[in-house]
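[1] I need the structure of the sequence given here:
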Amino acid sequence: QVKLVESGGGFVQPGGSLRLSCAVSGTTSDLYAVGWFRQVPGKERESVSCWESSNGKTYYTESVKGRFTLSRDDAQRMVYLEMNSLKAEDTAVYYCAANIPYCSRYVPGYGDWGQGTQVNVSS
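    Residues are numbered from 1 along each chain as shown. Here you go, the predicted structure:
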């Protein structure tokens with residue numbers, strides 16, 4: 001089992017930036033992926049970005065390409081989501097997810113989730 005704790009959410013104006021952090025603890029498999037999802041009330045949780053160890057690639061949903069960057073600090077067991085040029089439609093609760101061998105856009109694939117961190121983009 002993997003424990004995930006997100007932080008870094010908050011209020012920001014449109015065009016601003018935030019960096020979300022996800023602290024990872026517990027045992028991970030040789031093949032593993034870490035993903036960021038987001039959810040707004042009344043809507044399904046959607047995939048934002050994901051990194052997988054099998055090929056070292058990072059994937060992004062179309063709406064955040066060029067604005068968001070997923071990075072990792074393996075020594076500290078941290079995963080980050082740098083969010084730039086934020087828009088009102090980025091407002092959501094952001095979740096870190098893991099315990100899956102390969103990236104997936106689908107929520108049920110991930111075995112472990114963090115508690116989420118709220119991001120509000122508003123003027």
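[2] count the residues that sit near residue 2.
    Look at residue 2: counted by other CB atoms under 10 Å, it has 22 neighbours. Every C-beta, even on glycine, is put in place using the N, C-alpha and C of the backbone.
[3] other SSEs contacting the host helix or strand of residue 37?
    Per DSSP states H and E: residue 37 is located in strand 33-39. Secondary-structure packing of strand 33-39 (3 or more CB pairs under 8 Å, 6 or more residues apart in numbering; DSSP states H and E): strand 18-26, strand 46-52, strand 78-83, strand 92-98.
[4] how about a cut-off of 10 Å?
    Counting contacts by 3 or more CB pairs under 10 Å, 6 or more residues apart in numbering; DSSP states H and E, strand 33-39 packs against strand 2-7, strand 18-26, strand 46-52, strand 58-60, strand 68-73, strand 78-83, strand 92-98, strand 112-113.
[5] tell me the bridge partners for the spatially most central residue of the chain.
    Among the residues of the chain, the one closest to the centroid is residue 36, at 2.0 Å (CA atoms, centre = their mean). For residue 36, the beta-bridge partners under DSSP bridges are residue 49, residue 96.
[6] measure it to residue 123 for me?
    As judged by CB to CB, to the nearest Å, residue 36 and residue 123 stand 24 Å apart.
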